[in-house]
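K.L.:
Fold the following and give me the result.
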Amino acid sequence: MPFRIRAVAAGATALTAAALPCAPPSAAADGGRLAAPAGAHARPYFYLEGGPGSVLTDRLALTNRDDRARTFTVRPTDSGTGRGPGSGDWIVTAERTVKVPARTRAEVPFTVTVPRDALPGDHPAALSVRGAGPSARTAAVPVHLRVTGPTLAALTVENVAVADRDGTAVIRYDLVNRGNTTLEPRVAVRAEGLLGSALRRAADRLPDGLPPGRRITRTEPWPDPPALDSVDLTVTATAAGGAHGTARATYTAVPRLAVGLLCAGGGAAAGGWFLRRRRADAGGPAAEDQESGTGRELATGVTA
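P.N.:
Reported below is the predicted structural model:
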């Protein structure tokens, strides 16, 4: 079950970081990670939920297993969905720079202030942690923020295209999350040609979720496209909540030999027309008169 954080008063102030003894690696709630949600039970990410105007709190655990103190910088980030100010701007940590003693775990409280005009749905963010020095360790802990209210699952497929590549083909398309919830799309591809079915690829789930407002471009190899056919390619994407999107493109496969013969034939025809035109131009009006006179002579049967 997701870990739900209760809302606190909007005027709450940030708490200061507290250092705690580091538990043995086998018993550490952070699962041996540099940065993780604090608490007795291991959590892979933060989950916070509240309505517009609420303030949510949690704590980030930083673990230093080295034999000397380490300094870490904590920075909130957002997913860059283009839906207005990023949700990373809603997060404020008690400290931006934290010095953690050797073999110690420090907990950094943070607050999330949900704007009063925030749209319902998912607003993914993260807490980025970076150590000091050229060989510093880095980590990012996802923060799943959900603003309560009506949700909409909407998905579109756009810009479907097929390109030849050294005897094979590459299918390219865009997936766009038009709703306000994070989706996990499944994508199926099929191609129907004049000679029958050319491709049937079963629905496959994307390795990562698709946040609200996000557009991703995907490419899929098509190792054995038809050598001579015209096919209609259809890309269909579905996700939970009734999200569904479909787009199509036409792909015409012509063998290279046929293309070469067509080009050669066209070139020969163009060359013949050009040669005849040059001969006609070289003859001029005199040639035309001579041809006309010869024609009259033949018609009357009179010779000079």
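K.L.:
Show me the shaky parts of this structure.
P.N.:
For the chain, applying pLDDT under 70 flags the ranges 1-31, 79-85, 254-304.
K.L.:
Quick check: chain neighbours aside, which residue is closest to the residue positioned nearest the centre of it?
P.N.:
Geometric centre of the chain, nearest residue: residue 216, 1.7 Å, by Cα atoms, centre = their mean. Excluding the flanking residues, the one nearest residue 216 by Cβ to Cβ, 6 or more residues apart in numbering is residue 175, at 5.4 Å. Just so you know, the C-beta spots here come from the backbone N, C-alpha and C atoms, and that holds for glycine as well.
K.L.:
Would you mind confirming that that neighbour is in contact with residue 187?
P.N.:
Yes - taking Cβ atoms under 8 Å as the contact criterion, residue 175 and residue 187 are neighbours in contact, 7.3 Å apart.
K.L.:
Next, show the common contact partners of these two.
P.N.:
By Cβ atoms under 8 Å, 6 or more residues apart in numbering, residue 175 and residue 187 have these common neighbours: 206, 218, 237.
K.L.:
Counting neighbours, which of those comes out on top?
P.N.:
residue 237 (25 neighbours; other Cβ atoms under 10 Å).
K.L.:
Bridged to it, which residues?
P.N.:
Note on residue 237: beta-bridge partners residue 187, residue 245, judged by DSSP bridges.
K.L.:
Next, work out how far apart it and residue 167 are.
P.N.:
28 Å (Cβ to Cβ, to the nearest Å).
K.L.:
Kindly report the same for residue 128.
P.N.:
As judged by Cβ to Cβ, residue 128 and residue 167 stand 44 Å apart.
K.L.:
still on that earlier bit, specify which member of the shared contacts of residue 175 and residue 187 is nearest to residue 53.
P.N.:
Nearest to residue 53, judged by Cβ to Cβ, of the shared contacts of residue 175 and residue 187 is residue 206 at 33.5 Å.
K.L.:
Kindly provide the distance from the closest residue to the closest one other than its chain neighbours to residue 173.
P.N.:
Nearest non-adjacent residue to residue 206, counting by Cβ to Cβ, 6+ apart: residue 185, 5.4 Å away. Residue 185 sits at a distance of 11 Å from residue 173 (criterion: Cβ to Cβ).
K.L.:
So what pairs up with the residue nearest to residue 216 in the strands?
P.N.:
Per DSSP bridges, the residues bridged to residue 175 are residue 157, residue 216.
K.L.:
Tell me which of residue 128 and residue 167 has more neighbours.
P.N.:
Taking neighbours as other Cβ under 10 Å, residue 128 and residue 167 compare with residue 128 leading, 16 against 10.
K.L.:
Mind telling me what element the more buried one is part of?
P.N.:
Take DSSP states H and E as the rule and residue 128 turns out to sit in strand 125-131.
K.L.:
Tell me the strands beside that strand, with direction?
P.N.:
Going by DSSP bridges, the partners of strand 125-131 are strand 70-78 (antiparallel), strand 138-147 (antiparallel).
K.L.:
and the following helix or strand past the shortest one, which residues are buried?
P.N.:
Which is strand 70-78. Downstream of strand 70-78, the first helix or strand assigned by DSSP H and E is strand 91-93. For strand 91-93, burial by neighbour count (16 or more other Cβ atoms under 10 Å) applies to 91, 93.
K.L.:
what do you get for stretch 165-179?
P.N.:
For stretch 165-179, burial by neighbour count (16+ other Cβ under 10 Å) applies to 169, 171, 173-177, 179.
K.L.:
Across the sheet, point out what pairs with residue 253.
P.N.:
Bridge pairing for residue 253 - DSSP bridges - gives residue 229.
K.L.:
That one and residue 233 touch, don't they?
P.N.:
No - contact criterion Cβ under 8 Å: residue 253 and residue 233 do not qualify, at 11.4 Å.
K.L.:
how deep is the residue nearest to residue 206 tucked in, by neighbour count?
P.N.:
24.
K.L.:
Which parts of the stretch 151-300 of the chain are strands?
P.N.:
With DSSP state E, counting those that start in this stretch as the criterion, the stretch 151-300 of the chain has strands at 155-165, 168-177, 186-193, 196-205, 215-222, 229-239, 243-253.
K.L.:
Please compute how far the last one lies from its chain's middle.
P.N.:
Here the centre of strand 243-253 is set off from its chain's centre by 17 Å, with Cα atoms, centre = their mean, to the nearest Å.
K.L.:
Would you mind measuring from the nearest residue to residue 101 once chain neighbours are set aside to residue 63?
P.N.:
Distance criterion Cβ to Cβ, 6+ apart; nearest residue to residue 101, sequence neighbours excluded, is residue 69 at 5.1 Å. Distance from residue 69 to residue 63, counting by Cβ to Cβ: 13 Å.
K.L.:
How much space separates the residue nearest to residue 168 when sequence neighbours are not counted from residue 167?
P.N.:
Nearest residue to residue 168 in three dimensions, chain neighbours excluded: residue 223, at 5.1 Å (Cβ to Cβ, 6+ apart). Look at residue 223 and residue 167: by Cβ to Cβ, they are 9 Å apart.
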